[in-house]
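1. sequence plus predicted model, see below.
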Amino acid sequence: APSLLFQLSCLHRYCLCELREAMAVDEEELEEQRAAEEKERAVEYLGFRRRFDQMKSEHEGVLANCDKLKNQGNHFFKLGLYSQASLMYSEAIELQPENAVLFCNRAMAYLKQDMPHEALEDSQRSLDIDASVGNIKAYWRKSQSLFDLGRYAESEAVADEGLALQPGNQHINRVRRKAREAIAMERLCGGEWVAKMDNGIEKRYAFEADGTMKIYVFGHFVPATFDLSVEGNPRSIVVKMKGDVVGFGNGPPPPPRPYIFDFRDEGRELWLCTPVGTDELPTVFEGPGFDRLRREAAPAPDGAEGAEPLDTRCEQYLREMVDAMPLLPPQLPESPSEQEIDRETLITERISQLKRRFGVEVHQRAVELARSPKAAPTPVMAELALQLQHRLVARKIIAPPPADEAKPKAAGDVTKTTHRDGSGETTAAVAKSNLGVLAVLASFCCGGGTK
């Protein structure tokens, strides 16, 4: 009898555990159902807002909420409140997600905040909606975004697309010129260009990103500066030797010397041609003023291998960004005071300085972690990424995380039982199918069985 009582007691505890597990699974399923219903209601409500706003815009004299938000965003933009402007455009986009102007405006607000990735995405979405000349600003903003990301060839290509629609657009022309100059500078700098003259004497040119250069010829070092002109065909460069030129005595330096230039052999060869015996700039690469120089790679800078790892820099960036950016954006009035404008301008500038100091790569890594804090390599970075996520979601820069990511399941949760035949069945289904049996056993163990 004692042995039987012990077995019944164990069975009783087992039945109670199974019942509790079944109830927990039921609660989990109920929570998932609530989350799905809440998401469905949010979608329905957003659809209602869009339809209602459309009805308002169709009645003369009634300004739709979307237009009010866009106008308020434009007003904030003119005041230099770019973060608030982008938030207004984001709210307007929720009402009119097919409005090319709103994406284009928000792209410009993002550019003003040193957010080229976000600006590129918005300008592309604007062009996906409307790629006509009526939306020419989107080409400008896309080209500028690519330029800020260091993707100069793509920036030039987008500018060419825009200028094909509107050749006289000054903004796009300016960005294309900057992109072409950046491409030329990337190729010119980072090494020395070497050529041998007919008499066997070596000539070397070394170009620097600050517009200075060094010329080595006849055993002398000649300091100089250069100016590029990338709009012509062929492109040209003007070299000005400085006054303290070795080998020219105390007299004035030689006059500025123009060249046409081009890159050949996939950028490994630089062609230069300067006029000889005439003041006219040549149009072809030939004659006594023509030099073909080959690139010699520059040695790696000292300490380059000692740069901090990306995630180390990213952790510091996350820490400083969370400190600089308030948790929630301020609710500014339609016409903010000068004190409010100054305060928000200082915050925006501080955040922009952080982005410029750490660079695009670190910022983009931080945004990726903010979208998915679970992907962070350390718990500290995960917590910082979660804090940044709250701030970016509040400003509608990134979308809210899915419900299953917002409330992760506890470790050790079991959601599936696999039978010997390989079929899968949820724990809830298994538990429910055994509830009747468990109830009878529990009742029996507790003394409620039949005699």
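-> Good, I have the coordinates. Here the structure is a predicted model, which means the values were calculated and not measured.
2. so which strand or helix has residue 261?
-> In the assignment (DSSP states H and E), residue 261 maps to strand 257-264.
3. how far away from the center of its chain is that strand?
-> Averaging C-alpha positions (CA atoms, centre = their mean, to the nearest Å) puts strand 257-264 36 Å from its chain's average.
4. which parts of it are buried?
-> 258, 259, 260, 261, 263 (16 or more other CB atoms under 10 Å). To be clear about C-beta, it is placed using only N, CA and C from the backbone, and glycine gets the same treatment.
5. relative to residue 393, which of the residues you listed is nearest.
-> residue 263 (46.0 Å; CB to CB).
6. if we can go back for a sec, which one of the buried residues of strand 257-264 sits closest to residue 113?
-> Checking the buried residues of strand 257-264 against residue 113 with CB to CB, the nearest one is residue 263 at 35.2 Å.
7. check contacts around that closest one.
-> Counting by CB atoms under 8 Å, 6 or more residues apart in numbering, residue 263 touches 187, 269, 270, 271.
8. circling back to that earlier point, including distance to residue 172 and pLDDT, could the buried residues of strand 257-264 go into CSV?
-> As requested, the buried residues of strand 257-264 are exported to CSV (distance: CB to CB, whole Å; pLDDT from 0 to 100):
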residue, distance to residue 172, pLDDT
258, 27, 95
259, 28, 96
260, 25, 96
261, 24, 96
263, 24, 94
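9. what bridges to residue 224?
-> residue 213, residue 241 (DSSP bridges).
10. between the contacts of residue 263, which has the most around it?
-> The most crowded member of these, judged by other CB atoms under 10 Å, is residue 270 (22 neighbours).
11. does that residue fall in a helix, a strand, or a coil region?
-> For residue 270, the secondary structure call by DSSP: H, G, I helix; E, B strand; the rest coil comes out as strand.
12. which strand residues bridge it?
-> residue 263, residue 293.
13. pLDDT below threshold where in this protein?
-> Applying pLDDT under 70 to the chain flags the ranges 1-8, 22-28, 34-37, 39-63, 218-219, 243-251, 298-306, 403-451.
14. tell me where it has helices.
-> With DSSP state H as the criterion, the chain has helices at 2-57, 65-78, 82-95, 100-112, 116-129, 136-148, 152-165, 170-188, 310-324, 338-358, 360-371, 379-394, 403-406, 427-445.
15. re the thing from before, what's the angle between the strand holding residue 261 and helix 170-188?
-> Here the directions of strand 257-264 and helix 170-188 differ by 80 degrees (axes from the mean of the first three to the mean of the last three CA atoms, to 10 degrees).
16. CA atoms of strand 257-264 as PDB?
-> Only the C-alpha atoms of strand 257-264 are listed here, as PDB (Å, rounded to 0.1, in the frame of the first residue of the first chain):
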ATOM      1  CA  ARG A 257      51.500  75.000 -67.400                       C
ATOM      2  CA  PRO A 258      48.300  73.500 -68.700                       C
ATOM      3  CA  TYR A 259      47.900  69.800 -69.600                       C
ATOM      4  CA  ILE A 260      45.200  67.600 -71.000                       C
ATOM      5  CA  PHE A 261      45.000  64.200 -69.200                       C
ATOM      6  CA  ASP A 262      43.400  60.900 -69.400                       C
ATOM      7  CA  PHE A 263      43.700  57.500 -67.700                       C
ATOM      8  CA  ARG A 264      44.500  54.400 -69.700                       C
END
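17. residue 317 versus residue 324, what's the distance?
-> 10 Å (CB to CB, to the nearest Å).
18. anything in contact with each of the two?
-> Joint contacts of residue 324 and residue 317 (CB under 8 Å, 6+ apart) are residue 354.
19. so for the residue nearest to the spatial centre of the chain, what's the nearest residue that isn't a sequence neighbour?
-> What sits nearest the mean C-alpha location of the chain, by CA atoms, centre = their mean, is residue 117, with 2.7 Å. Setting aside the residues directly before and after it, residue 117 is nearest to residue 364 in space (CB to CB, 6 or more residues apart in numbering), at 5.8 Å.
20. I'd say the one you found and residue 118 touch.
-> No - the criterion here is CB atoms under 8 Å, and residue 364 misses it with residue 118 at 10.0 Å.
21. between those two, who's got more neighbours?
-> Counted by other CB under 10 Å, residue 364 and residue 118 do not tie: residue 118 has more neighbours, with 20 against 15.
22. the more buried one: what's it in contact with?
-> 107, 110, 397.
23. tabulate the CA atom coordinates of stretch 9-19 in PDB.
-> What follows is stretch 9-19 as a C-alpha-only set of coordinates in PDB (Å, rounded to 0.1, in the frame of the first residue of the first chain):
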ATOM      1  CA  SER A   9       1.600  10.800  -5.500                       C
ATOM      2  CA  CYS A  10       4.200  10.900  -8.300                       C
ATOM      3  CA  LEU A  11       1.500  10.500 -10.900                       C
ATOM      4  CA  HIS A  12      -0.400  13.300  -9.300                       C
ATOM      5  CA  ARG A  13       2.600  15.700  -9.500                       C
ATOM      6  CA  TYR A  14       3.200  14.600 -13.100                       C
ATOM      7  CA  CYS A  15      -0.400  15.300 -14.000                       C
ATOM      8  CA  LEU A  16      -0.300  18.700 -12.400                       C
ATOM      9  CA  CYS A  17       2.900  19.600 -14.300                       C
ATOM     10  CA  GLU A  18       1.400  18.600 -17.600                       C
ATOM     11  CA  LEU A  19      -1.700  20.600 -16.900                       C
END
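24. next, the buried residues of that stretch.
-> For stretch 9-19, the neighbour count (16+ other CB under 10 Å) marks 15, 18, 19 as buried.
25. and of the residues you listed, the nearest to residue 229?
-> Nearest to residue 229 out of the buried residues of stretch 9-19 is residue 18 (CB to CB; 82.3 Å).
26. report how many residues lie close to the closest residue to residue 73 other than its chain neighbours.
-> Among residues not flanking residue 73 along the chain, residue 88 sits closest, at 3.3 Å (CB to CB, 6+ apart). Residues near residue 88, counting by other CB under 10 Å, number 26.
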